[in-house]
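Peer 1: Sequence first, then the predicted structure, then my questions.
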Amino acid sequence: MKNNKIIAEFMGMTIDNNDKSMMIFKTPQGNDMIYIDELKYHSSWDWLMPVAEKCLTTNEPTDGQHYFINDALLTCNIDVVYDRVVEFIKEYNFGESMEEVSIFDFLIHINTQDK
C-alpha cells in the first residue's frame, strides 16, 4: 500500500538508496531493513498504534486532526484509524513544507499524493 511508505517515513524510516523497494529503520542493535511491501500499518494494530500515538503527541497544529484520530480510535476499526492517521501525516508533512498555503493548494497537494 502506497500510504504505508508515507507512514514509515513519518516514523523515521528512510528509503534505501541502493534498493528503492526497501526501507531502513533503526533498532537498538543497529539498522535493519524491510521491504516496503512488507509494511503492515494497514493490517496490524501492533504497527498502527505507535503511529497513532506519535500523531496524538505531535505538538504541530493540524487543524483538529487529533480529534479525528481520537474519534477513529473509538470505532475500533483499523481501516478508519489508518485513513485518519494517513490524513494527519499528509497534513503534517504539507505544513512542514509550506509556511502559508491556501486551502485550494492543500487540496491539490492531497489529491496528487493519492495517485
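Peer 2: Sure thing, it's come through. Numbering: from 1, shown residues only.

Peer 1: Now the terminal residues of stretch 71-84, how far apart.
Peer 2: End-to-end distance of stretch 71-84 (CA to CA, to the nearest Å): 9 Å.

Peer 1: What are the buried residues along that stretch?
Peer 2: Within stretch 71-84, the residues that count as buried by 16 or more other CB atoms under 10 Å are Ala72, Leu73, Ile78, Val80, Val81, Tyr82, Arg84. No exception for glycine: its C-beta is placed from N, CA and C like everyone else's.

Peer 1: Of the residues you listed, which belong to helices?
Peer 2: Cross-referencing the buried residues of stretch 71-84 against helices under DSSP state H gives Ala72, Leu73, Ile78, Val80, Val81, Tyr82, Arg84.

Peer 1: List the residues that contact the second one.
Peer 2: If a contact means CB atoms under 8 Å, 6 or more residues apart in numbering, then Leu73 has Ala52, Val81 as its contacts.

Peer 1: ok, it to Phe94 distance?
Peer 2: According to CB to CB, to the nearest Å, Leu73 stands 23 Å off from Phe94.

Peer 1: Tell me the confidence at the residue located most distally from the centre of the chain?
Peer 2: For the chain, the largest distance from the centre (CA atoms, centre = their mean) belongs to Gln29, which lies 24.5 Å off. pLDDT, Gln29: 89.

Peer 1: The helix or strand where Lys90 lies packs against which elements?
Peer 2: For Lys90, the host element (DSSP states H and E) is helix 78-97. Applying 3 or more CB pairs under 8 Å, 6 or more residues apart in numbering; DSSP states H and E, we find helix 78-97 packed against helix 2-10, helix 45-57, helix 65-75, helix 103-113.
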